[in-house]
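*Asks:* I'd like to go over a predicted model; first the sequence, then the structure.
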Amino acid sequence: MTKAGCRVLADPTRHSAMLLGAASQIGFWLRLLKDIRRQLATERPAVVIPIDSPPVNLRVARAAKDLKLPVCFYVAPQLWAWAPWRIKKVRASVDTLCCVLPFEEEYFRQRGVNAVYVGHPIFENQLQSETLTPPLPSGNIKIALFPGSRRSEVEANLPVMLRSIIVAQGRHSGTVFAAAAADSDRLWQIRQAARQASVKMDIRTGCAEEIIRWADLVLTVSGTATLQIARYQKPMIILYALAGWKWNLAGRYLIQTRYMSLVNILANRELTPEFMPFYGSPDPVVNRVLNLVAHPSQRQEISRQLAELTKPMLTFANARSPSKRVVDEIRKLMPGNA
């Protein structure tokens with residue numbers, strides 16, 4: 001957005017956090033919201049486009065509606081998974097809700113929200129093949145690690161991933177590994193953990209898709225990355241470490257879905273193994289990794305089912321790109337329907 005000419009008030013990515021870690025960022029967000037309200041009142045934009053992050057952006061949408069400014073909210077909040085009580089806020093403050101998952105349009109329309117399915121941006125770009133320099137390692141079994149983009153995610157999820165690949169390498173000679181790091185900080189963090197665990201691993205930033213294409217099996221945290229991996233039809237094991245007391249205290253009562261990973265939610269079955277929340281012994285994860293490494297036919301079947309799952313989303317995005325569909329909805333809200 002900056003490259004496109006947008007004037008940036010702040011960089012929220014430096015203040016992203018989850019669960020208890022979010023408390024330390026409250027001051028930043030309160031100051032930013034105050035600044036945004038002032039900007040909305042002064043600039044009076046033709047359309048306000050909050051993107052994702054519902055705890056903050058639903059407040060931005062409410063501020064815009066108080067000023068009688070039209071709101072096109074991009075990336076529908078996952079109220080079908082948790083926090084369904086927020087539907088009243090969405091209904092009251094959003095003119096058009098752009099959904100990125102196929103079932104969301106009907107869910108929100110049934111609850112009185114003007115929702116439109118625009119497709120997921122993961123499926124927007126054509127697949128491209130690039131040759132990395134230096135190339136990723138070659139081996140009999142290639143395992144990729146996606147341990148998360150936040151420090152806390154990597155700290156929680158990387159140890160069980162490392163344990164799994166150490167055991168896999170001990171059982172299957174010629175097994176090689178690569179990890180995708182979100183940025184230079186995570187690169188350093190993953191490198192230090194791998195060194196302490198005596199794991200030889202290629203760690204790269206900025207080439208997630210190349211690492212996915214290279215892999216025979218991917219170990220990944222939950223999130224949008226699972227759809228990216230699914231698009232390439234790569235078998236994966238999904239996990240998200242969470243302290244048992246946090247899950248039993250609140251998580252089990254907040255989550256509304258049978259499954260917690262996007263791939264399995266879309267499939268409405270455990271298409272790919274998921275360990276969410278994950279806590280306690282790493283043995284179940286290790287055993288599942290060993291099972292998939294030892295049975296290529298199981299990996300091939302998961303790949304086939306992933307292709308079947310993602311084909312409708314890819315076809316929809318190819319017919320008209322998700323970004324162009326969002327632009328169509330924004331134009332409808334502009335004065336004079338420009």
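*Replies:* Alright, I've got the coordinates. Residues are numbered from 1 along each chain as shown.
*Asks:* what separates stretch 160-169 from the chain centre, distance-wise?
*Replies:* 24 Å (Cα atoms, centre = their mean, to the nearest Å).
*Asks:* Just the CA atoms of it, as PDB, please.
*Replies:* In PDB, the C-alpha atoms belonging to stretch 160-169 read as follows (Å, rounded to 0.1, in the frame of the first residue of the first chain):
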ATOM      1  CA  VAL A 160       7.800 -30.100  18.600                       C
ATOM      2  CA  MET A 161       8.600 -29.600  14.800                       C
ATOM      3  CA  LEU A 162      12.300 -30.000  15.500                       C
ATOM      4  CA  ARG A 163      11.700 -33.100  17.600                       C
ATOM      5  CA  SER A 164       9.600 -34.600  14.800                       C
ATOM      6  CA  ILE A 165      12.100 -34.100  12.100                       C
ATOM      7  CA  ILE A 166      15.000 -35.300  14.300                       C
ATOM      8  CA  VAL A 167      13.100 -38.600  14.800                       C
ATOM      9  CA  ALA A 168      12.200 -38.700  11.100                       C
ATOM     10  CA  GLN A 169      15.800 -38.300  10.000                       C
END
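*Asks:* Go through it and flag the buried ones.
*Replies:* Across stretch 160-169, burial judged by 16 or more other Cβ atoms under 10 Å covers 160-169. To be clear about C-beta, it is placed using only N, CA and C from the backbone, and glycine gets the same treatment.
*Asks:* Arg269 in helix, strand or coil?
*Replies:* Under DSSP: H, G, I helix; E, B strand; the rest coil, the three-state class of Arg269 is coil.
*Asks:* That one: neighbouring residues, count only.
*Replies:* When neighbours are counted by other Cβ atoms under 10 Å, Arg269 registers 11.
*Asks:* In helices, which of the buried residues of stretch 160-169 fall?
*Replies:* 160-169 (DSSP state H).
*Asks:* Can I get those in TSV including distance to Pro55 and pLDDT?
*Replies:* TSV is the format used below for those (distance: Cβ to Cβ, whole Å; pLDDT from 0 to 100):
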residue	distance to Pro55	pLDDT
Val160	29	93
Met161	29	94
Leu162	32	96
Arg163	34	94
Ser164	33	94
Ile165	35	94
Ile166	38	95
Val167	39	95
Ala168	39	94
Gln169	41	93
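*Asks:* ranges for the helices of the protein?
*Replies:* Using DSSP H, helices in the chain cover 26-43, 54-66, 87-93, 104-109, 151-171, 184-196, 208-214, 225-231, 244-246, 252-254, 262-267, 283-294, 296-319, 322-333.
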